[in-house]
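[1] got a predicted model here, sequence first, then my questions.
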Amino acid sequence: MNMLELLSCPRCGGALVSSQEGALLRCGAGHEHPVVRGIPRFVPEDNYARSFGLQWNVFRQTQLDSHTGTTISRDRLARLLGGSMEPVRGKLVLEAGCGAGRFTEVMLDAGARVMAVDISSAVEANQANCGHRPGHAVAQADIEQLPFAPGGFDVVVCIGVLQATPDPERAIAALCAQLKPGGLLVIDHYTYGYATTPSRAALRKRLLGRSPEDALRSCLRIQAVLWPAHRLLWALRKLPGMARLRERFLHFSPLVDYHEHYGQIGKTLLRQWAVLDMHDTVTDVFKHLRGVDEIAACLRGCGMVEVRAWLGGNGVEASARKGAEEAA
């Protein structure tokens, strides 16, 4: 896929050309955007999502279906798409907030061409995981200032991202603008009552002011202390009184325990997922909550049709199409 044919300057909308032996992209107005390690960069390296970038580069393969030997990521995406991967087959897809590529690889497997975007350095993990695949391209950019002309994509996918942006409604509007007439949008968002524990809430307050590296070290230290207890209580859960004890312990521990849900991935990956998702929930600068009606209203306000929003997954899941009249 020729990425330059898709890209435009996010500042003025002008076409971009490659210069200085591929190290720079420049538009006719003179705006310059560096290309670092083969990835176009449209945002400063130091931004509010630095912790996410570090997280996905450290746990680069942890949630990939190709690494876990499961269909966990595929099943989640297929649910959002209406039950199968058919809506992305042969389509040009914008994946906003691509992370390390757990959904990127699933869409590539289904025959999509994927333009993957993330505001963080997770783009490097995405490139390492999927850069060898035909139909893949990746850029580091902000959802609210995407480096593409409006109306260029058949499908836009944004999973596990919007609640962590500064303004989810503005982000949704920016995503809707990228769709061709009749194009499909699928998103999700944390909702009210999002499950957390007092320990995670307290840990988040302590870690938000720290560097990403220090915050991750703190999470790894917590894992080293508490994970053996998670394993022991799971092994003893069928003994009298142990199920209740384990339930109380899980309310206390900030680690995210997936023994019940994803036991098939094995003890090593369970440990990695526990600290990965704990880190994800205690280092996000923004943690917005929205209800089904709010997400649906936002989509309709953006001119979307066939709007569906429901409770599922991590909160609200939604899909919609861009109306031909609005696009015109």
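    Here it is on my side, so go on. Residues are numbered from 1 along each chain as shown.
[2] just for the stretch 201-328 of the chain, where's the confidence low?
    325-328 (pLDDT under 70).
[3] can you give me the helices in it?
    With helices called from DSSP state H, counting those that start in this stretch, the stretch 201-328 of the chain shows them at 212-235, 242-252, 259-262, 267-282, 292-301, 324-327.
[4] so which of those helices gets nearest Ser199?
    Ser199 lies closest to helix 242-252 among those, at 6.0 Å (C-beta to C-beta). Any C-beta I mention is one placed from the backbone N, CA and C, and that applies to glycine too.
[5] that closest one: which residues count as buried?
    Met242, Arg246, Phe249, Leu250 (16 or more other C-beta atoms under 10 Å).
[6] among these, which one lies nearest to Arg74?
    Leu250 (27.3 Å).
[7] list the contacts of the closest one.
    Thr197, Asp257 (C-beta atoms under 8 Å, 6 or more residues apart in numbering).
[8] cool, Ser253 as well?
    Ser253 neighbours (C-beta under 8 Å, 6+ apart): Thr197, Ser199, Leu226, Ala229, His230.
[9] residues near the last one, how many?
    Translated: His230. Residues near His230, counting by other C-beta atoms under 10 Å, number 22.
[10] cool, and the second one?
    When neighbours are counted by other C-beta under 10 Å, Ser199 registers 17.
[11] and it, that's in a helix?
    Yes - applying DSSP: H, G, I helix; E, B strand; the rest coil, one finds Ser199 inside a helix.
[12] quick one, what contacts it?
    So Ser199 contacts Phe252, Ser253, Pro254 (C-beta under 8 Å, 6+ apart).
[13] now the phi/psi pair for Ile159, please.
    Main-chain torsions, Ile159, degrees, to the nearest 10: phi -120, psi 130.
[14] surely it touches Asp188?
    Yes - using C-beta atoms under 8 Å, Ile159 is in contact with Asp188, at 5.6 Å.
[15] which neighbours do these two share?
    By C-beta under 8 Å, 6+ apart, the residues touching both Ile159 and Asp188 are Leu80.
[16] just the closest of the contacts of Ser199 to Leu311, please.
    Nearest member of the contacts of Ser199 to Leu311, counting by C-beta to C-beta, is Pro254, at 24.7 Å.
[17] ok, which of the helices of the stretch 201-328 of the chain comes nearest Glu317?
    Closest among the helices of the stretch 201-328 of the chain, using C-beta to C-beta: helix 292-301, at 8.8 Å.
[18] can you list the buried residues in that closest one?
    Val292, Glu294, Ile295, Ala296, Cys298, Leu299.
[19] which non-adjacent residue is nearest the fourth one?
    Looking back up the chat, that one is Ala296. Ala309 (4.2 Å; C-beta to C-beta, 6 or more residues apart in numbering).
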